[in-house]
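>>> Mind looking at a prediction? Sequence and model below.
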Number of protein chains: 2
Amino acid sequence: MFIGAQVSLYPMTSDFVGVITSGLQAIDPYRGDLRIETDDISTLMVGAPEPLFGAIRDLFAAAARRPEHVTMHVTLSRGCPGEPDDPTCRCETLQRAQHQSLSERQALAAEAVQAAPDLGVGIDVQFSLYVMGEGDHMAEIYGCIDFLKNRGTFLKSKNFCTRLRGDAGAVFETLRQAFLRFGPAEGHVTIDLTASANSPSPR
Amino acid sequence: MFIGAQVSLYPMTSDFVGVITSGLQAIDPYRGDLRIETDDISTLMVGAPEPLFGAIRDLFAAAARRPEHVTMHVTLSRGCPGEPDDPTCRCETLQRAQHQSLSERQALAAEAVQAAPDLGVGIDVQFSLYVMGEGDHMAEIYGCIDFLKNRGTFLKSKNFCTRLRGDAGAVFETLRQAFLRFGPAEGHVTIDLTASANSPSPR
């Protein structure tokens, strides 16, 4: 299994380099658990979902605590057949999911969101979950949407994606659960995610 | 068939509202052919691939002609089973693709990129193509990668995505061909796309 993300932070300010540089300090605690490589478009993070989502959440929360409008785009992937197996990506939640029904996974996902830490930073997110390969991919996607609609972080459905709103702790835990609990445990699952904070647009 | 995109433009300047507003003028010629709706995170564009990719390309090219660093994120989708049929999205290229082999589609895609207009704006792109549903989705993705590698717009492969570089005309035609010619013609295909121009990072 190979799990990782391409992450890009976009501060809408002329001091965007300063915001990105200070935001990157927030991922320092995760550097021992993740492989991190940056180029001119995005930062690759490879590792298990626990530190991976922690690093992405804390990076965005740090930038969102500043006054400027900031957005982030993340391409998340697990189980891509074109990537090598990587033991650092091992995930017990995924291994157990192989033997759990859709309703069991929905209940466990709900518990995890309930237990998420409160970071004191309100954010907006929209994302799409993609399930590739054999099997009824839409059944898993609709199962995920059912899970999402009953969370406090659900805002609305849009064409091609779902909107979340809430504290960064609960929102990123919702995303982690969507990524891990839906779609085959050994399958190829991706998320296309946009986060936004401090937007001047009317909400 | 339902075809569309969620589009977000991110100018890395304190005058980001001004850049977005002036960029939006570039899509005026396409408003008659597309359904366009904006909220605080993204702009939905629904319609046939010809005006859809034209509008997205011209929006980004207009912003990239300015001096500021600017990025754009686009979530593209065709054939999502959860969306209604929309006659304005009808696409002859897709209809003909049902009866064409992979190698025929690769050749037609290459011809289209060759004939793309030169807009005089250099840009960088990274994107992922997702093919959902039954069938060997990786065969179509590898077929698309073969097509990409032989184009002048190919830069390199990265984890989870492919990098393109070149004139906005050729790059967006490459993307349009990837979206239309690979994956089942009646299937559910999406693209997760990031474009970048005027980045201060070393290339």
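Structure's in. What do you need?
>>> now the helices: where do they sit in chain A?
Listed in chain order, the helices of chain A (DSSP state H) span residues A:16-24, A:49-64, A:92-97, A:102-114, A:137-149, A:168-181.
>>> Deepest-packed of those helices, please.
Most buried of the helices of chain A by mean neighbour count (mean count of other C-beta atoms under 10 Å in any protein chain shown) is helix A:168-181; its value is a mean of 25. The C-beta positions use only the backbone N, C-alpha and C, and glycine is treated the same way.
>>> I'd like the mean pLDDT over that one, please.
When pLDDT is averaged over helix A:168-181, the result is 97.
>>> Quick one: work out the angle between that helix and helix A:102-114.
Between the axis of helix A:168-181 and that of helix A:102-114 there is an angle of 160 degrees, by axes from the mean of the first three to the mean of the last three C-alpha atoms, to 10 degrees.
>>> could you say what helices and strands helix A:168-181 packs with?
Helix A:168-181 sits against helix A:49-64, strand A:70-78, helix A:92-97, helix A:102-114, strand A:122-131, helix A:137-149, strand A:161-167, strand A:189-197, with contacts defined as 3 or more C-beta pairs under 8 Å, 6 or more residues apart in numbering or on different chains; DSSP states H and E.
>>> please redo it, this time with the cut-off set to 7 Å
helix A:49-64, helix A:92-97, helix A:102-114, strand A:122-131, helix A:137-149, strand A:189-197 (3 or more C-beta pairs under 7 Å, 6 or more residues apart in numbering or on different chains; DSSP states H and E).
>>> now for the fifth one, which elements pack on it?
Translated: helix A:137-149. Applying 3+ C-beta pairs under 7 Å, 6+ apart, we find helix A:137-149 packed against helix A:102-114, strand A:122-131, helix A:168-181.
>>> for the last one, same thing?
Taking 3+ C-beta pairs under 7 Å, 6+ apart as the contact definition, the neighbouring helices and strands of strand A:189-197 are strand A:70-78, strand A:122-131, helix A:168-181.
>>> which residue is nearest the middle of chain A?
Nearest to the geometric centre of chain A sits A:L175, at 4.5 Å (C-alpha atoms, centre = their mean).
>>> returning to that earlier point: so which of the helices and strands packed on helix A:168-181 is nearest B:S201?
Shortest distance between B:S201 and the helices and strands packed on helix A:168-181, using C-beta to C-beta, is found for helix A:49-64: 17.0 Å.
>>> Any part of that closest one near chain B?
No. If you take C-beta under 7 Å from any C-beta of the partner chain as the test, helix A:49-64 misses chain B, and the best it gets is 12.6 Å.
>>> Next one: A:E186, what pLDDT does it get?
A:E186 carries a pLDDT value of 89.
>>> check contacts around A:Y10.
Residues touching A:Y10, when contacts are defined by C-beta atoms under 7 Å, 6 or more residues apart in numbering or on different chains, comprise A:V70, A:T71, A:M72, B:Y10, B:M12, B:T71.
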